[in-house]
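Visitor: sequence and predicted structure are below.
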Protein chains: 2
Amino acid sequence: MISKNQIKYIQSLHSKKNREEEGLFIVEGIKLVTEFIQHQKFDITELFATADYIHAHSILLSNTSFKCSEVTTDELKKISLLTNPNQVLAVAKITVAKLNADLFKNTTSLFLDDIRDPGNLGTIIRIADWFGIKQVICSPTSTEVYNPKTLQASMGAILRVEVISMPFSELLNHADNIPVYGALLEGSNVYTTSLKHGLIIIGNEANGISTEVLKHITDPITIPAAAGNGSESLNAANACAIICSEFHRQLHYRS
Amino acid sequence: MISKNQIKYIQSLHSKKNREEEGLFIVEGIKLVTEFIQHQKFDITELFATADYIHAHSILLSNTSFKCSEVTTDELKKISLLTNPNQVLAVAKITVAKLNADLFKNTTSLFLDDIRDPGNLGTIIRIADWFGIKQVICSPTSTEVYNPKTLQASMGAILRVEVISMPFSELLNHADNIPVYGALLEGSNVYTTSLKHGLIIIGNEANGISTEVLKHITDPITIPAAAGNGSESLNAANACAIICSEFHRQLHYRS
């Protein structure tokens, strides 16, 4: 059972402005919410779940301290942003991730320069997770990590990857003396360049890397296209996937 | 000026059923439509454009034989599927692409086994274009290439890549004696396997490659995750990007 006021309150968290004001965000779906409960990275403040979910996860839920309200499928529809709501919705506290400058020394980090599409941001976090990248730094102009579409696309990767919001100028104070790789249309061939741990910059979907950030790139890299191809670019998340993959290959499987 | 009947007719092409019945599809946006006009791969039957578009593309349009109707921005909104319609919408004829079995011998082809998300299909075609893959074969259960979201995500790559709909059982008659690579969670390390031209299978977003197709895979390959990572998989389009990139690297830039 859920009150009209509660419905209104949760619906208000569908907007970024309210999420930021309240310091809360929404997570949905059996798999994602269950991972959030198990992982305990984020404080869950309240859970809204169908009887089916509560029954199937009774042991897990018995070890938690947040309030769990049973709702009907129709009630869940009212508070959900999904086309097909899936048994459970959690409200959790936003946490502000901190940069770990030590990670620059012996691992690879990503800087996203104005990534605007929530789906792209989510899949980029998922890629980072796959390749063991522990932190993704987003320019403040990038889309919000707590956007429900970002969370869905990240498939729980946000539980393992720190996503930090920080202007590049500030990041520079912490990322001194490391290679700064920029994914560009013109640069060294990523396949034949000897890649080292450092910072990889991925630019905006339409405009690429901003002028301000561009001048700090020490190693421009490019994914060479096939000869005679007619395409102008790759999707930002796909380019990121290919570049992270090539770093992973060279740093772990170079023959 | 556009009549009520025309508006109704174009809106009817927003649905797959009507597109298939009429043999027509819609392309939108300045960049994409202009490429479609220039490329002439698809017969355009009619163009609806604002005065601005017509003025800016007068030379291009003077060399065409299709009907071009000037519309206002408000009229364009009525027939468009985009949130922000962009000056022009074209209606074009669906063409049925044919398999080119010769391409199996000395190039790489993709088979998409039930890719359901139009955005994924579009970006996969864009990836194919980037890496010089000339044909993408889709299982008949895969999403439709003429879906407006697919076309938008492909960014014009559909003009250069043949997208063929064919069951895998039929494809087998043409793809005899070539390596069939399957992107799986367990297989040989894609970075250290010696890759050759052949057929690469990408499976469904949630369920991977179907049992029927699985048994014909000669070379199961996998993208190794970082040690200790917690993620279960990559997005299908990102996995496809990484695998196509690794084929491209090995076949063209192997050191």
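Guide: That came in fine, so what should we check first?
Visitor: which residues touch A:T143?
Guide: By Cβ atoms under 8 Å, 6 or more residues apart in numbering or on different chains, the residues touching A:T143 are A:I115, A:R116, A:D117, A:P118, A:N120, A:L121, A:T150. (Glycine included, C-beta is placed from N, CA and C.)
Visitor: A helix includes it, no?
Guide: No. Counting by DSSP: H, G, I helix; E, B strand; the rest coil, A:T143 is not part of a helix but coil.
Visitor: and it, what are its phi and psi?
Guide: The phi/psi pair for A:T143 (degrees, to the nearest 10) reads phi -70, psi 160.
Visitor: next one: A:Q135
Guide: Phi and psi for A:Q135, reported as degrees, to the nearest 10, are phi -140, psi 140.
Visitor: let me know the pLDDT of it.
Guide: A:Q135 carries a pLDDT value of 97.
Visitor: one more: A:S255?
Guide: pLDDT, A:S255: 60.
Visitor: one step back: show me which of the contacts of A:T143 neighbour chain B.
Guide: With the criterion set as Cβ under 8 Å from any Cβ of the partner chain, no member of the contacts of A:T143 is near chain B.
Visitor: what ranges does the stretch 51-200 of chain A have for its strands?
Guide: A:67-70, A:88-93, A:109-112, A:135-138, A:162-165, A:180-189, A:199-202 (DSSP state E, counting those that start in this stretch).
Visitor: return the residues in contact with whichever residue of the stretch 151-255 of chain A sits closest to chain B.
Guide: Nearest residue of the stretch 151-255 of chain A to chain B (Cβ to the nearest Cβ) works out as A:A226 at 2.6 Å. By Cβ under 8 Å, 6+ apart, A:A226 lies in contact with B:W130, B:F131, B:G132, B:I133, B:H248, B:H252.
Visitor: could I get the residues you listed as CSV with neighbour count and distance to A:T108?
Guide: Shown next, in CSV, are the contacts of A:A226 (neighbours: other Cβ atoms under 10 Å in any protein chain shown; distance: Cβ to Cβ, whole Å):
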residue, neighbour count, distance to A:T108
B:W130, 28, 23
B:F131, 25, 23
B:G132, 21, 28
B:I133, 26, 28
B:H248, 22, 22
B:H252, 14, 24
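Visitor: including distance to B:H57, could the strands of the stretch 51-200 of chain A go into CSV?
Guide: Putting these into CSV (distance: least, Cβ to Cβ, whole Å) gives the following:
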stretch, distance to B:H57
strand A:67-70, 58
strand A:88-93, 48
strand A:109-112, 35
strand A:135-138, 38
strand A:162-165, 41
strand A:180-189, 25
strand A:199-202, 33
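Visitor: tell me which of the ones you listed lies nearest to B:M166.
Guide: strand A:180-189 (34.2 Å; Cβ to Cβ).
Visitor: that closest one and chain B, are they touching?
Guide: Yes. Applying Cβ under 8 Å from any Cβ, one finds strand A:180-189 touching chain B at A:N189.
Visitor: quick one: strands adjacent to that strand?
Guide: In the sheet, strand A:180-189 lines up against strand A:199-202 (parallel), strand A:219-222 (parallel) (DSSP bridges).
Visitor: just the ones you listed: most buried one?
Guide: Most buried of those, by mean neighbour count (mean count of other Cβ atoms under 10 Å in any protein chain shown): strand A:199-202, with a mean of 26.
Visitor: so what touches that one?
Guide: Outside strand A:199-202, the residues that touch it by Cβ under 8 Å, 6+ apart are A:104, A:108-113, A:115, A:124, A:171, A:175, A:178-183, A:209, A:213, A:217, A:236, A:239-240, A:243-244, A:247.
Visitor: just stretch A:55-63 next, same as before
Guide: Stretch A:55-63 has contacts (Cβ under 8 Å, 6+ apart) with A:T34, A:I37, A:Q38, A:L47, A:A49, A:I54, A:C68.
Visitor: could I get the contacting residues of the nearest residue to A:H248 once chain neighbours are set aside?
Guide: In space, and not counting its chain neighbours, A:H248 is closest to A:F131: 4.6 Å by Cβ to Cβ, 6 or more residues apart in numbering or on different chains. Going by Cβ under 8 Å, 6+ apart, A:F131 touches A:T108, A:C244, A:S245, A:F247, A:H248, B:A225, B:A226, B:N229.
Visitor: one more time with 10 Å, if that's ok
Guide: A:108, A:110, A:241, A:243-245, A:247-249, A:251-252, B:223-226, B:229, B:231, B:234, B:242 (Cβ atoms under 10 Å, 6 or more residues apart in numbering or on different chains).
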